[in-house]
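Undergrad: fold the following, please.
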Amino acid sequence: MVGYPSITFQWLCSYVFMPVAFVMGIPYEESFTVAELIGTKLFLNEFVAYQKLSALKTNRLSGIDQIVGGQLQWLSVRSEIISTYSLCGFANFSSLGIMIGGLTSICPSRRNDISSMVLRAMLTATTVSLINACIAGILFVPLDCVNLFTTSVFNATDVDIQTCCQDLFQKSTDINGTISFEESWSTVTNVTVFLAKCCQCCNLSDVPVCF
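TA: A predicted model of the protein is given here:
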């Protein structure tokens, strides 16, 4: 915005659609980023929104910190899935002209009727995508990392192994040579063994707890 460089289109979308993202089941700390994606899809198109979502997923898979400089760098797997479904569809303002032009060429006499209905059709289609995203969030089953580590071979090319190892790294803290674990990892019996295997299989020399 002219004169206010800190106020951008993405910033506005993040606040306008944040309640929608939160109601869909997105955690509060990630809801602003997902809201930005929803706004991008609605006012631009889904391809631009998916490109941004892809960048967020790449950041997660690369193992960088989730928050850098106060900015969220990637979403949780569940939020990625919900976002994927919420962005799936051609309902956006740029498609209204395409719809009006296409349908009126088929039935020119109904131009006024078509013009009066396209906005409601867009809102309905957007709502359908958001409801599908809600259902996807309900059906999402978190990855059982402990069972995976116990029954699987640690392979750096296994996406599930990478995901669980990254989660373990994020919940591990090295304090004066003593490694402590947070949340559910703090109660896992062989967590130090799993951590050592993750450090060996993934060749992650830049992870502090692997030094």
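Undergrad: what sits closest to residue 99 if chain neighbours are left out?
TA: Taking C-beta to C-beta, 6 or more residues apart in numbering as the measure, residue 99 lies nearest to residue 118, with 5.2 Å between them; neighbours along the chain are not counted. Using the backbone N, CA and C atoms, a C-beta is placed for each residue, glycine as well.
Undergrad: ok, that neighbour - how many residues close by?
TA: Around residue 118 there are 17 other residues, counting by other C-beta atoms under 10 Å.
Undergrad: any idea how far the helix or strand it falls within is from the middle of the chain?
TA: If you go by DSSP states H and E, residue 118 is part of helix 111-139. Averaging C-alpha coordinates over helix 111-139 and over its chain gives two centres that are 21 Å apart (C-alpha atoms, centre = their mean, to the nearest Å).
Undergrad: list the helices and strands it packs on?
TA: On a contact count with 3 or more C-beta pairs under 8 Å, 6 or more residues apart in numbering; DSSP states H and E, helix 111-139 meets helix 77-86, helix 93-106.
Undergrad: and if we set it to 10 Å?
TA: Applying 3 or more C-beta pairs under 10 Å, 6 or more residues apart in numbering; DSSP states H and E, one finds that helix 111-139 contacts helix 18-23, helix 28-43, helix 77-86, helix 93-106.
Undergrad: now the shortest one, how far from the centre of its chain.
TA: Computed by C-alpha atoms, centre = their mean, the separation of helix 18-23 from the middle of its chain amounts to 13 Å.
Undergrad: can you tell me what sits against that helix?
TA: By C-beta atoms under 10 Å, 6 or more residues apart in numbering, the surrounding residues in contact with helix 18-23 are 14, 26-28, 30-39, 79, 82-83, 86, 126, 130, 133-134.
Undergrad: quick check, pLDDT for residue 99.
TA: The predicted local confidence for residue 99 comes out at a pLDDT of 86.
Undergrad: relative to residue 102, how far out is the residue in the chain sticking out farthest from the centre?
TA: When distances to the mean C-alpha position of the chain are computed (C-alpha atoms, centre = their mean), the maximum falls on residue 109, with 43.8 Å. If you measure residue 109 against residue 102 using C-beta to C-beta, to the nearest Å, the figure is 15 Å.
Undergrad: what of residue 142?
TA: 43 Å.
Undergrad: burial check on residue 113, number of neighbours?
TA: When counting by other C-beta under 10 Å, one arrives at 12 neighbours for residue 113.
Undergrad: need the contact list for residue 78.
TA: In this structure, residue 78 makes contact with 25-27, 30, 136-137, 140-142, judged by C-beta under 10 Å, 6+ apart.
Undergrad: may I see the PyMOL selection of the buried members of those residues?
TA: Buried members of those, defined by 16 or more other C-beta atoms under 10 Å, are picked up in PyMOL with:
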select buried, resi 25+26+30+136+137
